[in-house]
Every structure is written in structure tokens, then in C-alpha cells.
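S.K.: I'll drop the sequence and a predicted model, then ask my questions.
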Amino acid sequence: MARPLNYEAATTLLEEVFAEAEADFAAGASPSVPDALATATERLMASRTQAFRETLIGCCLAPVA
């Protein structure tokens, strides 16, 4: 059975994470992630299929929202 997504919590989380990423970008800071995650993310973002990226975001948000 599917668990409903709390859109308000997901929106709040995205806004917070985006603000952090924006501040890091403005400061010239690079994200610190394991090499395996960076490689997998690069591969995913290279795909021309937008649904892959949207699904990844949804999977990341669902457990916390």
C-alpha cells in the first residue's frame, strides 16, 4: 500500500536544501559526496530521460516527507 506524500514537508525540505546548495554555489564550495555517488549522479543526469531525475528526487523525499 502506498504511503501518501506530505507535500508541505517535501516543499519545506526542498526549499531548505536548495538554499544551502545556492549558498555553497555562491561561495564556490563543491559538494562533498562519495565518489560512487558522484559517478552515479553524473550518469543519471546525463540521461535525456527527465523521468529518471524526477523519480530520484521523489525517492529521496518520500522517506522524510
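M.R.: In hand now; what should we look at?

S.K.: so where is the chain shaky, pLDDT-wise?
M.R.: Low-confidence segments of the chain (pLDDT under 70): 1, 64-65.

S.K.: In it, where's the longest helix?
M.R.: Under DSSP state H, the helix in the chain containing the largest number of residues is helix 7-27.

S.K.: helix or strand right after that one?
M.R.: Per DSSP states H and E, the first helix or strand lying C-terminal to helix 7-27 is helix 35-46.

S.K.: can you pull the alpha-carbon coordinates of that following helix into CSV?
M.R.: Output for helix 35-46, consisting of C-alpha atoms alone and laid out as CSV, is shown next (Å, rounded to 0.1, in the frame of the first residue of the first chain):
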residue,chain,number,x,y,z
ASP,A,35,32.9,9.1,-5.4
ALA,A,36,30.5,6.3,-6.1
LEU,A,37,27.5,8.7,-5.5
ALA,A,38,29.1,11.4,-7.7
THR,A,39,29.6,8.9,-10.5
ALA,A,40,26.1,7.6,-10.3
THR,A,41,24.6,11.1,-10.2
GLU,A,42,26.6,12.2,-13.2
ARG,A,43,25.4,9.1,-15.1
LEU,A,44,21.8,9.8,-14.1
MET,A,45,21.9,13.5,-15.1
ALA,A,46,23.5,12.6,-18.5
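
S.K.: okay, which residue is most central for this structure?
M.R.: Central residue check for the chain by C-alpha atoms, centre = their mean: the C-alpha nearest the mean position is that of residue 57, 4.8 Å away.
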